[in-house]
Structures are given as C-alpha cells and as structure tokens.
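Trainee: Turn this into a structure:
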Amino acid sequence: MTKALAKEVGPSNIRVNAIAPGAIDTDMNKDLAEKEIEELEKEIPLGRIGKPEDIANCIKWLAENEYITGQVITIDRRMDKLIKKSI
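Mentor: Numbers count the residues shown, from 1 in each chain. This next block holds a predicted model:
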C-alpha cells in the first residue's frame, strides 16, 4: 500500500513512507513481565527494547529527506523474523 500510494501521489511531490516499529518501551508494554522483556531482548540484534526516541529519530530523518518515498522502514528487524516463522 505504501509503495502504491507513493507512486500515485509522487507526481504531486507528496512522499509516502511507513515505519514498522518492533518492541518499543511504551505504555503498551508496561504490563510485560521481566522474563517476557528478557525474551524479547534476546531476539533483538541490539539486545534491548527500543525507545520512543529511536522512532522519533527515524521520523525526523524521513521528514528531512526530500527524496525517499515508498519505503517501509522496520526498526529492530525482530518482527520480520516472527512473521516469517508464522508463514
């Protein structure tokens, strides 16, 4: 959908991108047990849960770059691994 929309509105100089975050330290994860967090961190290449600032930095980078469009940026890559396992 991101690529299709980017192609459709690109001639109007409108950029379309998406961010697909993995595990981020937000209220959504506040009820996870310490063991669950440790298991998540084992699957993340950097060995830690992401921070909201990690996502904000990506948003800022995309906003400042006038040429990138039609991209889905996965932050931490863990979710890709889980999706492939379920297929």
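
Trainee: Enumerate every residue touching I75.
Mentor: Residues in contact with I75, defined by Cβ atoms under 8 Å, 6 or more residues apart in numbering, are I19, A20, P21, G22, G50, D54, I55, C58. In short, each C-beta sits where N, CA and C put it, glycine included.

Trainee: What are the buried residues along stretch 26-46?
Mentor: Within stretch 26-46, the residues scored as buried using 16 or more other Cβ atoms under 10 Å are L40, I44.

Trainee: ditto for stretch 17-27
Mentor: Buried-residue list, stretch 17-27, by 16+ other Cβ under 10 Å: N17, P21, G22, A23, I24.

Trainee: re the thing from before, for the contacts of I75, point out the one with the lowest pLDDT.
Mentor: Of all the contacts of I75, G22 carries the smallest pLDDT score, 86.

Trainee: what's the most distant pair in the buried residues of stretch 17-27?
Mentor: Greatest spatial distance among the buried residues of stretch 17-27 (Cβ to Cβ): N17 and A23, at 20.9 Å.

Trainee: picking that back up, would you list the buried residues of stretch 17-27 in JSON lines and tack on secondary structure and distance to N65?
Mentor: Listed next are these as JSON lines, based on DSSP: H, G, I helix; E, B strand; the rest coil; distance: Cβ to Cβ, whole Å:
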{"residue": "N17", "secondary structure": "strand", "distance to N65": "9"}
{"residue": "P21", "secondary structure": "strand", "distance to N65": "19"}
{"residue": "G22", "secondary structure": "coil", "distance to N65": "22"}
{"residue": "A23", "secondary structure": "coil", "distance to N65": "25"}
{"residue": "I24", "secondary structure": "strand", "distance to N65": "22"}
